[in-house]
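Visitor: Prediction below, plus the sequence it came from.
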Amino acid sequence: HLSIRRQRQMCIRDRFNSLNTIANLIVVDPAIAETMTLRLSSVFRHVLTNASRPLTTIGEEIEFIRSYLSIEEIRFSDRLKVVITLPEILEHEPIPSLILQPLVENALKHGLARKPGPANLWISVESTADQIRIILEDDGLGPDSSPDESSSGLGMKNVSQRLATHYQDSAGIRLESRIGGGSRVTLWLPREPS
């Protein structure tokens with residue numbers, strides 16, 4: 001599927017930025033460079049393993065996001081604080097593979113990276129009887145602040161297309177301003193009947 005391939009390419013392209021960071025750290029702080037290399041290999045392994053899987057579980061997707069964010073936390077030099085809330089009962093719910101990474105990348109690149117001072121990212125998973133909601137919030141510069149709308153919009157468009165392909169009209173995504181500043185992305189999809 002074209003948009004899945006495009007998302008994988010975007011993820012790998014971003015990892016090349018991580019490799020440049022590692023190259024710089026080798027001289028300045030070899031221990032952190034080694035830690036970052038190990039974390040990056042975990043991210044690559046996940047992308048390659050899940051390249052042909054249309055679905056994964058929310059628990060696996062969140063673990064991948066934790067690995068991805070552990071690299072970004074090093075790049076943000078202690079400015080980035082991440083809080084993830086995933087009720088244990090929802091860990092095994094199915095979700096499209098690699099669906100959250102472009103949304104997290106958008107929050108970091110377009111909302112938080114250009115913000116001075118502390119940067120906060122919150123990811124929470126909620127459910128009703130028939131729906132799963134995943135909410136990503138940041139206290140960055142907000143959805144209208146990106147100088148490159150085409151880049152930030154591409155990730156959202158790819159996620160929207162993948163949801164429509166897999167779930168038709170039963171799933172969707174919405175971007176809005178967050179109360180208190182920043183952005184809020186809500187992704188919803190149908191909950192599998194038990």
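Guide: Received, thanks.
Visitor: Any idea how many residues pack against residue 67?
Guide: Using other CB atoms under 10 Å, the number of residues around residue 67 comes to 18. The way it works is simple: take the backbone N, C-alpha and C, and place the C-beta from them, glycine included.
Visitor: Which residue is the nearest non-sequential neighbour of it?
Guide: By the measure of CB to CB, 6 or more residues apart in numbering, the closest residue to residue 67 outside its immediate chain neighbours is residue 42, 4.8 Å from it.
Visitor: my read: the one you found touches residue 69, true?
Guide: No: with contact defined as CB atoms under 8 Å, residue 42 does not reach residue 69; the gap is 11.8 Å.
Visitor: of those two, who's got more company?
Guide: Taking neighbours as other CB under 10 Å, residue 42 and residue 69 compare with residue 69 leading, 21 against 17.
Visitor: Specify the local secondary structure of that one.
Guide: Three-state assignment for residue 69 (DSSP: H, G, I helix; E, B strand; the rest coil): helix.
Visitor: and the nearest residue to it once chain neighbours are set aside, what are its bridge partners?
Guide: The shortest distance from residue 69 to any non-neighbouring residue, by CB to CB, 6+ apart, is to residue 82 (5.3 Å). With DSSP bridges applied, residue 82 shows beta-bridge pairing to residue 121.
Visitor: Any idea which helix or strand in the chain has the lowest mean pLDDT?
Guide: Here the helix or strand of the chain ranked lowest by mean pLDDT, DSSP states H and E is helix 2-28, holding a mean of 56.
Visitor: So what's the residue count around residue 188?
Guide: By other CB under 10 Å, 20 other residues sit near residue 188.
Visitor: wait, residue 108
Guide: 22.
Visitor: Kindly report the same for the one 3 residues further on.
Guide: The burial count assigned to residue 111 is 26, neighbours taken as other CB under 10 Å.
Visitor: Same question for residue 53.
Guide: Quick note: residue 53 (other CB under 10 Å) scores 12 neighbours.
Visitor: cool, the one 3 residues further on as well?
Guide: Residue 56 sits with 20 neighbouring residues when counted by other CB under 10 Å.
Visitor: Need the contact partners of the host helix or strand of it.
Guide: Using DSSP states H and E, residue 56 sits within strand 55-57. Residues outside strand 55-57 that contact it (CB atoms under 8 Å, 6 or more residues apart in numbering): 50, 91, 92, 93, 94, 95, 96, 97.
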